[in-house]
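Engineer: got a predicted structure plus its sequence, pasted below:
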Amino acid sequence: MFDQDELEQIRADRGEWESERLDPVLSKHGERQDRFATVSNMEVDRLYTPEDIADLDFGEDLGFPGEPPFTRGVYPTMYRGRTWTMRQFAGFGTAEETNERFHYLIEEGQTGLSTAFDMPTLMGIDSDHRMANGEVGKEGVAVDTLRDMEILFDGIDLSEISTSFTINPSAVVIYAMYLALADKQGVDREEIRGTLQNDMFKEFIAQKEWVVPPEPSLKLSTDVIEFSAEHTPKFKPVSVSGYHIREAGSTAVQELAFTLADGMAYVEDCLDRGLDVDEFGPTLSFFFNAHNSLFEEVAKFRAARRIWARIMEEWYGAETDEARMMKFHTQTAGQSLTAQQPMNNVVRVTIQALAAVLGGTQSLHTNSYDEALALPSEDAVRVSLRTQQIIAEESGAADIVDPLGGSFAVESLTDQVESETMAYIEEIREMGDGSMREGVLRGIDEGYFQREIQDSAYEYQQRVERGEETVVGVNEYSIEEDTEPEILKVDEDVQARQRERLAAVKDERDDEAVEDALAAVGEAAENEENVVPAVIEAVKAYATMGEIMSVFEQQYGAYRETVHVT
Ligand SMILES: C[C@H](C(=O)O)C(=O)SCCNC(=O)CCNC(=O)[C@H](O)C(C)(C)COP(=O)(O)OP(=O)(O)OC[C@H]1O[C@@H](n2cnc3c(N)ncnc32)[C@H](O)[C@@H]1OP(=O)(O)O
């Protein structure tokens, strides 16, 4: 962006500034640390100048928002046209309690819904399973059958609001239930909007919730992507997630690299099925973490869009803007929150949320200050939603598109994140002999991702313990605390109520119809057909989550992780 003469002049001026201004100050006062680095331990320079972005090509690398490579955002007007979707992740107890929380959030100004399921639902077992004991409704809402889904969305018009479902091994069942519900509400499937997480790669890499092994897990994910591209074009059938990778302790670059690698593996699996990249490409979505290092995070988001646009075009032949465009949801970093002095978390969340907005997110969840202690209380949820509203409506951050674009520091960090991310992607591709799909599967199998993340997590913890990383209120500025905030307690009778409902549904339903529908799911799996149509029929017959997932487990076997110890 600068010509050679200008750069020469800047270099000369900088040398002069260093000797005349900087060195005298350094020799007198020094700096606070020998080395300054982000929370991911990426070293940052004292000062950035045009020299640091001498290779940046405005047209190729930045351009304008709404056009490839989308570094500056996916929409020409970004938040001036519409602010991001404020989408608080919510769910606890039975469908009734969560339905009430959904209505509360909508009344408070939330613009999208996001469903948290309890552990049994996430793992594809029913509330009456012995392994579900003590877990029903604890960390999210319990959903056993379509009846629960009907109650969960009572009074909510599916054509009016988009809903996200954080669900992975059992994603196909929840998707089928949502479609069955849309059919019941008379909402055209083509009109439903929302997102299914349905990202099994990051489960094997970081979050560790699975039922069947990686290959059949991928088959089930791709079945949903294929079905959705044809029947629910406004719905995002996968949210390729870096969030959990980061929460497990990765760096920002690893978060981005592994997530993009997973995304590419899904793309290749779809291409292997003969699907058209310009048809399924626009339905893919992403999900990232927003951590404490403001500029590193903004750089990560901007680099993410640029890399994805280039790879979709150059590697996978995407021709349309929509297929090259990366849209993503962001959640502030739960792992950065502290149980000590919990109100400090409001400040952390504000900075992280600002990073997401300055980085151009489409949708945002701000964590609540009490989340290191329990599921968020209503008061805490309101403050976190207000945080988004203050950023959107008071800070001015939403009024300029890509306001940090052109910052020497942010552009330089964006380049650095991009090149380090690409180095990882190339390594994974090599592991798969040119295939990202095979590289990711092999990386999971050999514990490559897990090891990389563990090493980063360990290094970070050591830095905290050596006092090189400050955690305010924990290893610095701690106080005696004798009060605890009011926290949310889930009713102890939830499990009994949920089990009663499940028993009632089982009593009322037509057992023969259920058996036939489950047999059809088994046949579809055995014949390697797309299982989604059969699962929709099964949920309509009120087959349970556990019954349907057992069919897959029988067909594909249960997964046991090989533990790699280093
Ligand atoms: C940690 C936790 C756990 O594991 O426990 C989790 O995982 S929680 C995980 C929770 N996950 C999530 O909540 C995932 C959420 N994801 C999503 O919402 C999606 O996948 C998303 C990232 C693509 C965002 O979708 P969205 O509908 O909210 O937002 P969009 O950007 O698509 O905008 C909605 C509509 O507004 C339009 N629109 C928006 N902005 C503009 C603008 N400036 N100009 C013109 N149009 C605009 C869009 O085109 C779109 O219209 P049209 O619709 O007509 O195209």
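Structural biologist: Yep, that arrived. Source: prediction; values computed, not measured. Numbers count the residues shown, from 1 in each chain.
Engineer: only C-alpha atoms for contact and neighbour calcs from this point on.
Structural biologist: Noted.
Engineer: ranges for the helices of the stretch 1-150 of the chain?
Structural biologist: 4-17, 23-29, 95-107, 119-122, 146-152 (DSSP state H, counting those that start in this stretch).
Engineer: quick one, which of these gets closest to residue 353.
Structural biologist: Proximity to residue 353 (C-alpha to C-alpha) singles out helix 95-107 among those, at 18.3 Å.
Engineer: which strands and helices lie in contact with the closest one?
Structural biologist: In this structure, helix 95-107 packs against strand 89-90, helix 146-152, with contacts taken as 3 or more C-alpha pairs under 8 Å, 6 or more residues apart in numbering; DSSP states H and E.
Engineer: of these, which is nearest residue 46?
Structural biologist: Ranking those by proximity to residue 46 (C-alpha to C-alpha) places strand 89-90 first, at 38.0 Å.
Engineer: the closest one pairs with which strands?
Structural biologist: When sheet partners are counted by DSSP bridges, strand 89-90 sits next to strand 113-116 (parallel).
Engineer: what's around the residue in the stretch 401-550 of the chain positioned nearest to the ligand, how many residues?
Structural biologist: Going by C-alpha to the nearest ligand atom, the ligand is nearest to residue 401 of the stretch 401-550 of the chain, at 9.6 Å. Neighbours of residue 401 under the rule other C-alpha atoms under 10 Å: 21.
Engineer: numbering from 51 from now on, please.
Structural biologist: Happy to do that; since the first residue is 51 now, the last one works out to residue 451.
Engineer: phi first, then psi, for residue 84.
Structural biologist: Residue 84 adopts backbone torsions of phi -70, psi -30, taken as degrees, to the nearest 10.
Engineer: neighbours around it, how many?
Structural biologist: Counted by other C-alpha under 10 Å, the residues lying close to residue 84 total 6.
Engineer: that one and the ligand, how far apart?
Structural biologist: Residue 84 sits at a distance of 35 Å from the ligand (criterion: C-alpha to the nearest ligand atom, to the nearest Å).
Engineer: give me whichever of the helices and strands packed on helix 145-157 is most buried.
Structural biologist: Greatest average neighbour count among those goes to strand 139-140 (a mean of 22), per mean count of other C-alpha atoms under 10 Å.
Engineer: residues contacting that one, please?
Structural biologist: Residues lying outside strand 139-140 but in contact with it, judged by C-alpha atoms under 8 Å, 6 or more residues apart in numbering, are 148, 151-152, 163-166, 190, 415.
Engineer: between the residues you listed, which is nearest the ligand?
Structural biologist: Nearest to the ligand out of the contacts of strand 139-140 is residue 164 (C-alpha to the nearest ligand atom; 5.1 Å).
Engineer: so which of the helices and strands packed on helix 145-157 is nearest the ligand?
Structural biologist: Go through the helices and strands packed on helix 145-157 one by one with C-alpha to the nearest ligand atom and the one that ends up closest to the ligand is strand 139-140, at 5.8 Å.
Engineer: okay if I get the helices and strands packed on helix 145-157 as TSV plus distance to residue 579?
Structural biologist: Formatted as TSV, the helices and strands packed on helix 145-157 follow (distance: least, C-alpha to C-alpha, whole Å):
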stretch	distance to residue 579
strand 139-140	33
helix 196-202	23
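Engineer: least confident of these, on average?
Structural biologist: In terms of average pLDDT, strand 139-140 trails the rest of the helices and strands packed on helix 145-157, at a mean of 89.
Engineer: pretty sure residue 396 sits against residue 416.
Structural biologist: No. Residue 396 lies out of contact with residue 416 (C-alpha atoms under 8 Å); the separation is 9.3 Å.
Engineer: and those two? Which one has more around it.
Structural biologist: Just comparing residue 396 and residue 416: by other C-alpha under 10 Å the higher neighbour count belongs to residue 416, 27 against 19.
Engineer: do you know the pLDDT at the more buried one?
Structural biologist: 97.
Engineer: what's the distance between it and the ligand?
Structural biologist: For residue 416, the distance to the ligand under the criterion C-alpha to the nearest ligand atom works out to 10 Å.
Engineer: re the thing from before, need the contacts of strand 139-140 in a markdown table with neighbour count, can you?
Structural biologist: Converted to a markdown table, those look like this (neighbours: other C-alpha atoms under 10 Å):
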| residue | neighbour count |
| --- | --- |
| 148 | 24 |
| 151 | 17 |
| 152 | 25 |
| 163 | 22 |
| 164 | 21 |
| 165 | 22 |
| 166 | 22 |
| 190 | 26 |
| 415 | 25 |
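Engineer: now do the buried residues in stretch 149-163.
Structural biologist: Buried residues in stretch 149-163, defined by neighbour count with 16 or more other C-alpha atoms under 10 Å: 149, 151-153, 155, 160-163.
Engineer: for that stretch, what is the distance to the chain centroid?
Structural biologist: 20 Å (C-alpha atoms, centre = their mean, to the nearest Å).
Engineer: repeat for stretch 433-443
Structural biologist: Averaged C-alpha coordinates place stretch 433-443 at 20 Å from its chain's average position (C-alpha atoms, centre = their mean).
Engineer: re the thing from before, joint contacts of residue 396 and residue 416?
Structural biologist: Overlap between the contact sets of residue 396 and residue 416, as judged by C-alpha under 8 Å, 6+ apart, is given by residue 434.
Engineer: and the stretch 201-350 of the chain, which residues reach the ligand?
Structural biologist: Among all residues of the stretch 201-350 of the chain, those adjacent to the ligand (criterion: C-alpha under 6 Å from any ligand atom) are 214, 216, 245, 286, 335.
Engineer: packing partners of the longest strand along the chain?
Structural biologist: Looking across the chain with DSSP state E, the single longest strand is strand 334-340. In terms of contacts (3+ C-alpha pairs under 8 Å, 6+ apart), strand 334-340 is packed against strand 288-291, helix 293-297, strand 378-382, helix 394-408.
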